[in-house]
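A.B. asks: Quick one, structure for this:
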Amino acid sequence: MTFQTRGFDLLKDVDVRLTVELGRTEMKLKDVLSLTEESVVMLDRLTDELLDVMVNGKLIARGEVVAQGDRFGLRIVEMLGSDGTVGGQGESL
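C.D. replies: Numbers count the residues shown, from 1 in each chain. Predicted coordinates for the structure are as follows:
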């Protein structure tokens with residue numbers, strides 16, 4: 001085992017925050033304050049668009065919602081390469 005591999009192994013147990021973003025919107029504060037349990041908030045994403053997958057706020061992949069039984073999950077469809085492109089092959093996100 002090389003020093004580099006051992007160093008990376010030390011990081012494998014570090015907790016990170018994985019976030020899946022369904023969409024965004026901008027609202028006036030008065031509209032936020034008027035939200036109720038039956039309110040519907042329109043987002044900027046279409047139903048067939050992939051969702052953003054982020055680790056600690058950095059986009060790493062795109063995916064789609066899946067349902068299994070009574071739970072939701074995420075299927076990763078595209079990985080972001082280290083060069084900032086899908087799969088590292090030059091296709092920008």
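
A.B. asks: Could you list the low-confidence segments of the chain?
C.D. replies: Applying pLDDT under 70 to the chain flags the ranges 1-7, 82-93.

A.B. asks: could you say what helices and strands the longest strand anywhere in it packs with?
C.D. replies: As assigned by DSSP state E, the longest strand anywhere in the chain is strand 58-68. If you count contacts as 3 or more Cβ pairs under 8 Å, 6 or more residues apart in numbering; DSSP states H and E, strand 58-68 packs onto strand 51-55, strand 71-79. C-betas here are computed from N, CA, C, even on glycine.

A.B. asks: Can you check which of those strands gets nearest to residue 25?
C.D. replies: Of all these, strand 51-55 sits nearest to residue 25, with 14.6 Å by Cβ to Cβ.

A.B. asks: can you pull the buried residues of that closest one?
C.D. replies: 51-54 (16 or more other Cβ atoms under 10 Å).

A.B. asks: Check stretch 59-76 too.
C.D. replies: Neighbour-count burial for stretch 59-76 flags 61-63 (criterion: 16+ other Cβ under 10 Å).
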